[in-house]
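S.K.: next one to model:
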Amino acid sequence: MAGNIFINYRRDESGHVAGRLHDSLAPTFGRNKLFMDVDNIPVGRDFEDYLKRQVAACDAMLAIIGPNWLIAKDEAGQRRLDNPEDFIVIEIGAALARDIPVVPVLVDGARMPKASELPDSLKLLARRQAVQVRHTNFSSDAETLVRRLREALGYESPGRKWHVRAIIAVTAVVLLLIGVGGYATFQHLVEQGPAEAEAKRKMDQGVAYAKKGDFDRAITEYNEAIRLDPKNAGAFFSRGVAYAEKGDRDLAIADYSEVIRLNPKNAVAFANRAADYFKKGDFDRAVADSSEAIRLNPERFAWVYCIRGTAKLKKNDSSGNADIAKARQLDPSTCR
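M.R.: Prediction:
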């Protein structure tokens, strides 16, 4: 069993979750074999053809479904799922036709679509067992997803240990954002030099330690990754998360600030920095950073609306109530 896994998602709907799931799957299925985003398609290759080949080669697919997945429309006002040339439709339809495991992953409070709501090529998706991934319970939900995938792909049998290879093909056209509040990292999968390759190995070790709750050792590995590759935004982000888990808010904020310097459009870094400012009682900066995260990625981060709303209320700004209402609209479990 090759164990190739294809993650299907819309960047503007659930890119934040795709990155986190990538990092949760990597320790089990093999990060060094992951395929992620069009940045990893060889120069000069037909990206559409290349992605189709990845779908044809995969052994399982994760179909990440956000709250607007069913109703998202294109610039002409047509529902995107009704467009037979839409990449989401093409990729999921091809996987269903091959009868490989296709796992609907419900995020941000999304519900499972009904067959009557889907185009003909995707109707069978409604019969596939789904897994819910919630921001408030991400680690546990991700572990459930990993376990289900291992079972579906036959990675384990009594007394036998399997070595598996995962290919996660992401259909966005830009590098997706790294995950929120977990042990997320940017994944640089293009060919790299010896220093960058060693930095990547240190990153993997750091992630493994972080997932075990050993944040001190994780930080040591991230430090080395940054020394080897000073422009590795993922290492700064992951170290920031580790510092935050240890309660070192100022150090976490400094690392998120470096991520933002390297990538000013990284909404998740703004969101995480907002959370740490909030915990420090700096509500002005919490509002500013959460506002920027929302501007970059509206309709995505329920918990960021919660932070902004609560911070506003702490400042006696009643407009915070609207943010809290928005957070609950996006995810009923948020801001309770």
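S.K.: all the helices of this structure, residue numbers only.
M.R.: 11-29, 47-57, 87-98, 138-153, 194-211, 215-228, 233-246, 249-262, 267-280, 283-296, 302-314, 320-330 (DSSP state H).
S.K.: got TSV for these, with mean pLDDT and distance to Asn68 too?
M.R.: Glycine gets a C-beta too; all of them are placed from N, C-alpha and C. Shown next, in TSV, are the helices of the chain (pLDDT from 0 to 100; distance: least, CB to CB, whole Å):
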stretch	mean pLDDT	distance to Asn68
helix 11-29	78	6
helix 47-57	77	22
helix 87-98	88	12
helix 138-153	84	20
helix 194-211	84	30
helix 215-228	92	34
helix 233-246	90	26
helix 249-262	94	26
helix 267-280	91	17
helix 283-296	94	15
helix 302-314	91	13
helix 320-330	90	10
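S.K.: could I get those helices as JSON lines with mean neighbour count and distance to Gly66?
M.R.: What follows is those, written out as JSON lines (neighbours: other CB atoms under 10 Å; distance: least, CB to CB, whole Å):
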{"stretch": "helix 11-29", "mean neighbour count": "24", "distance to Gly66": "4"}
{"stretch": "helix 47-57", "mean neighbour count": "15", "distance to Gly66": "20"}
{"stretch": "helix 87-98", "mean neighbour count": "19", "distance to Gly66": "11"}
{"stretch": "helix 138-153", "mean neighbour count": "17", "distance to Gly66": "15"}
{"stretch": "helix 194-211", "mean neighbour count": "20", "distance to Gly66": "25"}
{"stretch": "helix 215-228", "mean neighbour count": "20", "distance to Gly66": "29"}
{"stretch": "helix 233-246", "mean neighbour count": "25", "distance to Gly66": "22"}
{"stretch": "helix 249-262", "mean neighbour count": "20", "distance to Gly66": "23"}
{"stretch": "helix 267-280", "mean neighbour count": "25", "distance to Gly66": "15"}
{"stretch": "helix 283-296", "mean neighbour count": "20", "distance to Gly66": "16"}
{"stretch": "helix 302-314", "mean neighbour count": "24", "distance to Gly66": "11"}
{"stretch": "helix 320-330", "mean neighbour count": "19", "distance to Gly66": "9"}
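S.K.: out of those, flag the one nearest Gly3.
M.R.: Across the helices of the chain, Gly3 has its closest neighbour in helix 138-153 (5.2 Å, CB to CB).
S.K.: helices and strands around the closest one, which ones?
M.R.: helix 11-29, strand 60-65, strand 102-107, strand 131-133 (3 or more CB pairs under 8 Å, 6 or more residues apart in numbering; DSSP states H and E).
S.K.: that one: how far from the chain's middle?
M.R.: Here the centre of helix 138-153 is set off from its chain's centre by 15 Å, with CA atoms, centre = their mean, to the nearest Å.
S.K.: alpha carbons of it, in PDB - could you do that?
M.R.: Extracted in PDB, the C-alpha atoms of helix 138-153 (Å, rounded to 0.1, in the frame of the first residue of the first chain):
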ATOM      1  CA  PHE A 138      -8.200  20.300  17.000                       C
ATOM      2  CA  SER A 139      -5.600  17.900  18.400                       C
ATOM      3  CA  SER A 140      -8.000  15.300  19.400                       C
ATOM      4  CA  ASP A 141     -10.000  15.500  16.200                       C
ATOM      5  CA  ALA A 142      -6.800  15.400  14.100                       C
ATOM      6  CA  GLU A 143      -5.700  12.200  16.000                       C
ATOM      7  CA  THR A 144      -9.100  10.700  15.100                       C
ATOM      8  CA  LEU A 145      -8.600  11.600  11.500                       C
ATOM      9  CA  VAL A 146      -5.100  10.000  11.500                       C
ATOM     10  CA  ARG A 147      -6.400   6.900  13.100                       C
ATOM     11  CA  ARG A 148      -9.300   6.600  10.500                       C
ATOM     12  CA  LEU A 149      -6.800   7.000   7.700                       C
ATOM     13  CA  ARG A 150      -4.500   4.400   9.000                       C
ATOM     14  CA  GLU A 151      -7.400   2.000   9.200                       C
ATOM     15  CA  ALA A 152      -8.700   2.900   5.800                       C
ATOM     16  CA  LEU A 153      -5.300   2.500   4.200                       C
END
